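**Student:** My questions are about this predicted structure, shown below with the sequence.
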Amino acid sequence: MKDKVVILLISKAEICAIEKLFLLIHQTYDHPEKKKIEGNYEIVWMPISSSETWTDDDEITFDLFSSSLPWYSIRHPNLLDSAVMKFIKEDLGFNDKPMMVVLNPQGMITNLNALDMLLIWGPGGYPFSIEKEADLWLEEKWTLKLIFDEIDPLISTSVRH
Amino acid sequence: MLLWFQVKEGRTICFYGSSNLDWIKEFNDKMQTIISEGLQIELVYVGKKNPDERVRNILATVHEKMHKRSLSFTEIQFFWFRLESMRESILRVGQEYDNDHILEQASTLLDDEDNKSSWAALGKVSLPFILKLHGRKLMEYLNRFPEWERYLSKLGFVGALRYAIEPPVPTEPCDHSPVISYEEGSGEEIVVCAKCMRPMKKFVAYK
């Protein structure tokens, strides 16, 4: 992970609504612009149990998801140190909704939650820091491009017959 | 006196949300009548927030019977997820940029309490302005199309519709927009203020 931006995807074992999951995957791994920043960042999934301890159900769900999702995940979520859990819940403010904490190559947290900017701009959000998020908004206006380009770029470009 | 120029008729996108198939049929009929007069307007159905089976079924009907070019159900979900993310993101960044406008617009779509309401939003691809109208009012204006049709060549579809809704009263100039640089050969274009969408008066300043 050296020299890369690392994004910790923190969520419950069953991550989130399947549809949103597909979209997140699309915005990261399947995105057509992905090649530009390929290799510069990695996503590591850290599932957290909603209860105090990691349950069997959590384990089953985790196994199911981790084998089919394109991201790295921590190998033994059940062994996650309670101090780390506490940090995640209290300092990072995790409260069941998935969040993506961004670490720069020096290991500093540069964004407490880049999930939204990823859904909005995909790889264009690299390096996914809060400064980048603010910069991107500086350039944006309420346009059809903002609303539709990531969904279907043809809407704003193709010619109607 | 405002100087009017020919509008460069780029594509107009009209995206609409509704879970009322009857309204959708009526809306599409009216829009098709207008489109058949030669206007380039693309209709995009976006369902409603938290799209469900009902939206899925309506989408199938829309795609089959009304306009072949349509978003897929997944893309419709994506549309709404992204709007929510926009709101969250702007709030997180929390600075005093010009994003209040975006936040406001995203919120009017997201916070539509009455899930039965239908709306359409229109914009030109090149302009940072989108006009949004609700169900009945929208139909009213579409029904009165012959009245404002004549403004089309000068203002384009969105401009003409806006003119019909709110004919400009001679007022103070707004002070929204900065000086726009003039491009030689940019053609005869109406330049509208990005914020209030009123045609701008043209002054030429030489450097």
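**Tutor:** Looks like it arrived, so ask away.

**Student:** CA atoms for contacts and neighbours, from now on please.
**Tutor:** OK.

**Student:** Could you point out the helix or strand that follows the lengthiest helix in chain A?
**Tutor:** Longest helix in chain A, counting residues (DSSP state H): helix A:56-68. Using DSSP states H and E, the helix or strand that follows helix A:56-68 in sequence is strand A:72-73.

**Student:** what sits opposite the most centrally placed residue in chain B in the beta ladder?
**Tutor:** Chain B has residue B:122 as the residue nearest its centroid, 1.8 Å off, counting by CA atoms, centre = their mean. For residue B:122, the beta-bridge partners under DSSP bridges are residue B:14, residue B:131.

**Student:** give me every residue that touches it.
**Tutor:** B:12, B:13, B:14, B:15, B:130, B:131, B:132, B:158 (CA atoms under 8 Å, 6 or more residues apart in numbering or on different chains).

**Student:** From residue A:76, how far out is it?
**Tutor:** 51 Å (CA to CA, to the nearest Å).

**Student:** How about residue A:60?
**Tutor:** Separation of residue A:60 from residue A:76 (CA to CA) stands at 12 Å.

**Student:** where do the helices sit along chain A?
**Tutor:** A:18-28, A:56-68, A:82-86, A:115-121, A:130-139, A:144-148, A:154-157.

**Student:** do chain B as well
**Tutor:** Going by DSSP H, chain B shows helices at B:21-35, B:53-61, B:73-93, B:100-110, B:135-143, B:145-148, B:152-165.

**Student:** Pick out the shakiest of those helices, pLDDT-wise.
**Tutor:** Mean pLDDT is lowest for helix B:152-165 among the helices of chain B, at a mean of 83.

**Student:** for chain B, what are the nearby residues on chain A?
**Tutor:** A:19-20, A:23, A:116-117, A:119-120, A:130, A:133-134, A:137-138, A:140-145, A:147-148, A:151-152, A:155-156, A:160 (CA under 8 Å from any CA of the partner chain).

**Student:** how much space is there between the closest residue in space to residue A:78 that isn't next to it in sequence and residue A:65?
**Tutor:** Among residues not flanking residue A:78 along the chain, residue A:54 sits closest, at 5.3 Å (CA to CA, 6 or more residues apart in numbering or on different chains). The gap separating residue A:54 from residue A:65 is 16 Å, by CA to CA.

**Student:** Same check on residue A:130?
**Tutor:** Distance check for residue A:130 against residue A:65: by CA to CA, it reads 28 Å.

**Student:** Of these two, give the one with the bigger neighbour count.
**Tutor:** Remark: of residue A:130 and residue A:65, residue A:130 carries more neighbours, 21 against 16, as counted by other CA atoms under 10 Å in any protein chain shown.

**Student:** How about the contacts made by that one?
**Tutor:** A:110, A:111, A:112, A:114, B:93.

**Student:** The closest residue in space to the last one that isn't next to it in sequence: neighbour count?
**Tutor:** It stands for residue B:93. Residue nearest to residue B:93 in three dimensions, not counting chain neighbours: residue A:134, with 5.7 Å by CA to CA, 6+ apart. Residues near residue A:134, counting by other CA under 10 Å, number 18.

**Student:** same check, this time on residue B:147
**Tutor:** Neighbour tally, residue B:147, other CA under 10 Å: 11.

**Student:** Generate CSV for the helices of chain A, with mean pLDDT as supplementary columns.
**Tutor:** Shown next, in CSV, are the helices of chain A (pLDDT from 0 to 100):
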stretch, mean pLDDT
helix A:18-28, 77
helix A:56-68, 83
helix A:82-86, 84
helix A:115-121, 93
helix A:130-139, 93
helix A:144-148, 88
helix A:154-157, 66
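
**Student:** Out of those helices, indicate the one that is most buried.
**Tutor:** helix A:115-121 (a mean of 24; mean count of other CA atoms under 10 Å in any protein chain shown).

**Student:** Pull that helix out as CSV, backbone CA atoms only.
**Tutor:** Presented in CSV, the C-alpha positions along helix A:115-121 are these (Å, rounded to 0.1, in the frame of the first residue of the first chain):
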residue,chain,number,x,y,z
LEU,A,115,-18.4,7.9,-0.3
ASP,A,116,-20.4,10.8,-1.6
MET,A,117,-17.7,12.3,-3.7
LEU,A,118,-17.0,8.9,-5.2
LEU,A,119,-20.7,8.5,-6.2
ILE,A,120,-20.7,12.0,-7.6
TRP,A,121,-17.3,12.2,-9.5
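
**Student:** contacting residues around it?
**Tutor:** A:23-24, A:27-28, A:98-100, A:125, A:128, A:133, A:150, B:81-82, B:85-86, B:88-89.

**Student:** residues from chain B in reach of chain A?
**Tutor:** Close to chain A, as judged by CA under 8 Å from any CA, chain B has residues B:11, B:13, B:40, B:42, B:71, B:74-75, B:77-79, B:81-83, B:85-86, B:88-90, B:93, B:95, B:97-99, B:101-102, B:105, B:123-130.
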